[in-house]
Structure formats: C-alpha cells, structure tokens
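Trainee: Could you work out the structure for the sequence below:
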Amino acid sequence: MAHGARRVRDLDPHTHVEVTLTLNAPPLPAADKLPEKALSAVELAQHYGASAHDIRKVEDVLRSYGLRVEGVGTSGRSMRVSGTAHAIEATFKAGLAIYHNAEQGEFRGREGAVSVPAEISGLVHSVLGLDQRRMARRGAAKPAVAAATTPLRPADLEERYNFPPGDAAAQSIGIAEFGIPQHTGTVVVPAYFPDDVAAFCTAQGRPTPHVATVAVNLAPLSMAQYHALPHATAKQVLDETSEVMMDVEIIAALCPAANISVYFAGWDQKGWVDLLEKVTAARPVVLSISYGLAEDSPHWAAAALQAINDALQIAAMAGITICASSGDDGSGCDMPDTRAHVEFPSSSPFVLAVGGTMLHGHGATQSEVVWWEAPGQRLARRGGATGGGVSAVFNRPAWQTEHLASLNHGSIAGRIVPDVAALAGAPYYELTLLGHSSPAGGTSAATPVWASLIARIDAALPAAKRQRFRAPMLYHKTHSGSTIGEAGCTDITSGNNASHPQPGKGYVASQGYDAVTGWGVPNGKALLAALK
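Mentor: Numbers count the residues shown, from 1 in each chain. Have a look, this model is predicted:
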C-alpha cells in the first residue's frame, strides 16, 4: 500500500494506464569498472540490453493480455506498455485503487505484490508506474527578508568561480523537471515561460539560447494555460514553475550558445526511468537534476531504486555527466527520525553530487562557507542546509578513496555525498519570474551552475577528451600529486549541515575533501587545465 496514504475508491477499469517494465539484461559493470570512453547507443544495447529474442517474447505475451507495446528504451533494458486498468490488473495482479494523502491529494496506488505472467517471469525485473506516489521533490531557498546584499548575476558567478571563456557553443545540455503524472485528474503540472528566459538573458546582456521542451510523459503548461487556472491551483503551479525557471535561466545565461532541452516527466518512479532513457538517447554532455528524495525513504520500492540507478549508470556509460543536487534539508534529509540521511539520486555513484555554500560577511572579510540557515532544514521555504553525508544504500566506489565514516552507528562505508558545491544560500541568485525579479537559491541552483561549467569545459577540451562522466575524474591524481578535485576547486573549510531538531548532528567542513561541500566550489579555469 502507498506509504502514509488511505484507500478512497476503486480505480475505474476503463482508465488508461501506462507502465514501464525493466527487463532482465546482462549485468552492468561495477562503478569503478566503467568504460574509459563513452559507449554509443548501439554498443550499450548490444552489450547490456536484453536479447532481441527475450524482448519479442515479452511483447508477444503482453499483447496476448490486451496490452499495447509503446516502445523499447534505447538501452534495451526497459519497455513501455499501456492498456486499460482492467487489462493491466489482469496482467500484473496489481490491486490498483485511488489513494489520498495530505501532500499529493488523490493518486493511483496499489496494494500487495505485483506479479508478471508466468511465461515471462524470468524476463521482467520490475513494473513501474502502477503507483503514482511523488518521488521527486525540491524547493528553492528564498531570502527570509529583503536581501541586504545584491543577488549574484551570471557575470558575478563567472568571476567568482573563474569560468573559462566561452558560451558552450555546439554543446547539448539537458534539464530534468517533474510534475504530477497525467491521467490522475489533478492539475499540478509546472509551466514554462519562455518570455521570462528571454527577458532575463536580455537584462544580463546575454543572447537567448535555443531552449526546447521535451514531453517525456508530461507537457508543461503555457503562460495562457497558467493564467486560466483557478487562483489556488495557479499558486501551486507557480511554486513548481519557479523551480523550472531557475534551472533554465541559470543555464541559459551561462551557456547562451548551447542547445538546451528541458525534459518533463511524471514525478513517480516510472517517470525517472522514462526521463533517463530519453536523455540517454539524446546524449547531451550534461544533465541537471535538482530533485530527489531520501535514499532510504519508505516510498522507494527497492526494485525501482535499482532500476533508476541502472538508468543513471547507462547514462554515465554514454558519457553523460548527471549533476544531482544533494538536497536542502541538511543531514536529516526531511526524514522523521534521529539518523543522518542522504538524498537519491545524489547518493548514486553514477552522478556528480552537488552541495551548497553561502557567502558570509562583507567586503574584504567575506568568505564562502557551508550553506546553513536555521534550523538547518526548510520550514515554509525558510531556512535550509546543504545535504551531504554517507550513503546507507550504495557502497563507496573504489575511485572515492576518502576515509570518512557515517554518523550512523553500524552503517556501511557508503558513497560519500557531495562531490562538489556552489552557491546555494545568501546572497542567492538574480532570477526573473513573471517579468519580475525573483531571487532564489538552494542546491537546486548550485546544480545548474555546475552543469553549465561542465558544458563550458567540454566545449574547450580537445575532441578526444569530450563527452565523459566527470565525477570519478575529480578523484584522479594530477601530475603534481594532487587530485583533479583539489586542483580544480576552492576548498570550503567552515560550517556544517546539522538539521534540527532531528537528527541534531551533521557533517563538518574541513581541509580537503568533506561530506558537506566535497572538493569545494569550482575554479573553472583550473579545472579545465587539470582535465586537459
């Protein structure tokens, strides 16, 4: 049963339902055994996709149950199928119904175990999309009062983080956005306002790049559709939309010559896999994801978590650097217990995890420190702190050689989060929403900064060194004996990410790598030189 929800009624048997199956396929290599060069779509499918024979058998059996095969993912490891709720129920014995919880309202959920037809029981690993619980959360940090200092503009970011010159010409950049899945009867779809992007870029003296919206299984609302909404719904939609616009405006202004694609998917577990499959097929140099959920949240199904992590790995093997925010709720990660937690997908070894900082003091005494605002977690969009810590789910990859123990007694020596950081708190970022200045921040803003830098760096690298998954490289040694992370980042040595009242403890910044800001904030030109 959907965690924390109550069943309210049966699902109409005529309702259209689409699910994504993950297929049993050859095992993927360990995190420290990824290929040095990016694999093509053909190579990924040949080496790591399900066999053509198995795919045909699954398709034939599902069609015999009255389902429609919508397509097979580029990797050959997933398949989208659809049909009426009655046919889906007959196929997977899912126990579908309509549920309700305080956060999401009504949504489709299930009760009990899912099964697959006996003829293909060994060919299907998981069935995603039956349950439409929200599995993608974020929330921009907002100034608590009128800002005492001016929010940073794109030019300020380039100067502070020593960006290499350029405009990311010929680079493709992806941005992930999530909203309520279709066919739920509720409108909480984010909108996209291209006029705000154009106005922001013009105000910053930058050309407006080409930005395309890609509907994975969700289409954003237009400005006209937004204005037609009832007031209460419009407010909710605007909250979601402000996050979208922050991502796009930061990347648009820092990479004005790039081709930018904004992918919109449902925020359930199926939406994650579908979006990652779509992005991998398009093969951008970088994907920015400012969403996540505690890796050990009871909302995650183990099979779904594995399916999403596999999709992240396939993207990494295709040479895509996925930048994922470490979260804005400090060490507690919005979990109601006394243990420290980290957020997924930033805890995956197949992403570049991004933490947050803030500027402290003024003038010559100003310093950059760990982002922490009382109480170290978000309350009504006030307060917050960078996520970070040690994973309790994903083992530490061999390339992450740092010795840092979990705050949780008896926990594994897991993947350490984050890898790097950038501005998340004061003085925030200058942004435009509905034609007006709307400063905001959070690790949701730090993430597109790093995505922009990676695109700028990739454009400046020799062709033979482009299109690579960058996270492990930060831990490689340079000729001088330091790591690339040390050479290409400015160390942050002050602050912590303890969230209060729970767990009331956190990780602390220190000299060198740590579990709140990783290697530190970018020194773009130095990072480019270290990667050449």
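Trainee: ok, the least confident helix or strand in the chain by mean pLDDT: who's next to it in the sheet?
Mentor: Ranked by mean pLDDT, DSSP states H and E, the weakest helix or strand in the chain is strand 105-110, scoring a mean of 84. In the sheet, strand 105-110 lines up against strand 96-101 (antiparallel) (DSSP bridges).
Trainee: who does the lengthiest helix in the chain touch, helix- and strand-wise?
Mentor: The helix that spans the most residues within the chain, counting by DSSP state H, is helix 231-254. Where contact means 3 or more C-beta pairs under 8 Å, 6 or more residues apart in numbering; DSSP states H and E, helix 231-254 is packed against helix 154-160, strand 172-179, helix 194-203, helix 223-227, strand 259-266, strand 432-433, helix 443-460. In this view, the C-beta of every residue, glycine as well, is placed from N, C-alpha and C.
Trainee: give me the low-pLDDT residue ranges for the chain?
Mentor: The model of the chain has pLDDT under 70 over residues 1-3, 144-148, 181-187, 380-381.
Trainee: Report how many residues lie close to residue 528.
Mentor: Residues near residue 528, counting by other C-beta atoms under 10 Å, number 21.
Trainee: and it, what element?
Mentor: helix 524-531 (DSSP states H and E).
Trainee: Run through who's touching that helix.
Mentor: Helix 524-531 is touched from outside by 158, 161-164, 453, 456-457, 460-461, 465, 470, 473, 478, 484, 487-489, with contacts defined as C-beta atoms under 8 Å, 6 or more residues apart in numbering.
Trainee: Let me know the angle separating that helix from helix 443-460.
Mentor: Comparing the axes of helix 524-531 and helix 443-460 via axes from the mean of the first three to the mean of the last three C-alpha atoms, to 10 degrees yields an angle of 50 degrees.
Trainee: part of a helix, is residue 119?
Mentor: Yes - under DSSP: H, G, I helix; E, B strand; the rest coil, residue 119 sits within a helix.
Trainee: That one contacts residue 57, doesn't it?
Mentor: Yes - Residue 119 is within contact range of residue 57, at 7.4 Å (criterion: C-beta atoms under 8 Å).
Trainee: Mutual contacts of those two, please.
Mentor: In contact with both residue 119 and residue 57: no residue, using C-beta under 8 Å, 6+ apart.
Trainee: Could I get the full set of helices for the stretch 251-400 of the chain?
Mentor: 269-282, 302-317 (DSSP state H, counting those that start in this stretch).
Trainee: Which residues outside the last one are in contact with it?
Mentor: In this case it means helix 302-317. Contacts for helix 302-317 (C-beta under 8 Å, 6+ apart): 22, 28, 31, 34-35, 38-39, 44, 48, 75, 77-78, 125-126, 128, 135, 269, 272-273, 276-277, 279-280, 287, 295, 322, 344-345, 348, 350-351, 393-394, 469.
Trainee: Counting only strands, which of those make the cut?
Mentor: When DSSP state E is applied, the contacts of helix 302-317 are split such that 22, 78, 125, 126, 128, 287, 322, 344, 393, 394 fall in strands.
Trainee: For the fourth one, give me its contacts.
Mentor: Just to be clear, that refers to residue 126. 21, 22, 301, 303, 304, 306, 307.
Trainee: still on that earlier bit, mark which of the contacts of helix 524-531 are buried, thanks.
Mentor: Among these, the ones that count as buried by 16 or more other C-beta atoms under 10 Å are 158, 161-164, 453, 456-457, 460, 470, 473, 484, 487-489.
Trainee: from these, which is closest to residue 198?
Mentor: Checking the buried ones among the contacts of helix 524-531 against residue 198 by C-beta to C-beta gives residue 158 as the nearest, at 20.2 Å.
Trainee: Setting the sequence-adjacent residues aside, check what's closest to residue 419.
Mentor: residue 518 (4.4 Å; C-beta to C-beta, 6 or more residues apart in numbering).
Trainee: Give the bridge partners for the one you found, please.
Mentor: Bridge pairing for residue 518 - DSSP bridges - gives residue 514.
Trainee: what number of residues lie near it?
Mentor: Neighbours around residue 518, by other C-beta under 10 Å: 28.
Trainee: which two from the ones in strands among the contacts of helix 302-317 end up farthest apart in space?
Mentor: Longest span within the ones in strands among the contacts of helix 302-317, C-beta to C-beta: 125 and 287, 23.4 Å.
Trainee: neighbour count winner among the two?
Mentor: Taking other C-beta under 10 Å, residue 125 and residue 287 do not tie; residue 287 has more neighbours (27 against 19).
Trainee: Would you check how far apart the more buried one and residue 210 are?
Mentor: Using C-beta to C-beta, to the nearest Å, one gets 17 Å for the distance from residue 287 to residue 210.
Trainee: Okay, and the beta partners of the residue nearest to residue 366 when sequence neighbours are not counted?
Mentor: With sequence-adjacent residues excluded and distances taken as C-beta to C-beta, 6+ apart, residue 366 is closest to residue 359, at 5.7 Å. Beta-bridge pairing for residue 359 (DSSP bridges): residue 368.
Trainee: quick one, what contacts residue 359?
Mentor: Contacts of residue 359 by C-beta under 8 Å, 6+ apart are 149, 366, 367, 368, 369, 423, 425, 426, 427.
Trainee: tell me the secondary structure for the last one?
Mentor: Looking back up the chat, that one is residue 427. coil.
Trainee: what's the spacing between the nearest residue to it once chain neighbours are set aside and residue 366?
Mentor: In this structure, residue 427 finds its nearest non-sequential neighbour in residue 149, 4.1 Å apart by C-beta to C-beta, 6+ apart. Taking C-beta to C-beta as the measure, residue 149 falls 9 Å from residue 366.
Trainee: Please apply the same query to residue 161.
Mentor: 15 Å.
Trainee: Any idea how many residues pack against the residue lying closest to residue 326 once chain neighbours are set aside?
Mentor: Closest residue to residue 326 apart from its sequence neighbours, by C-beta to C-beta, 6+ apart: residue 387 at 3.6 Å. Number of residues near residue 387 (other C-beta under 10 Å) recorded here: 37.
Trainee: Now do the contacts for residue 387.
Mentor: By C-beta under 8 Å, 6+ apart, the contact list for residue 387 reads 325-331, 333, 342-343, 346, 355, 417-418, 443, 497.
Trainee: again, only using 10 Å
Mentor: For residue 387, the contacting residues are 292, 294, 325-334, 341-343, 346-347, 353-356, 371, 417-418, 424, 443, 497, 499, 506-507, 515-516, by C-beta atoms under 10 Å, 6 or more residues apart in numbering.
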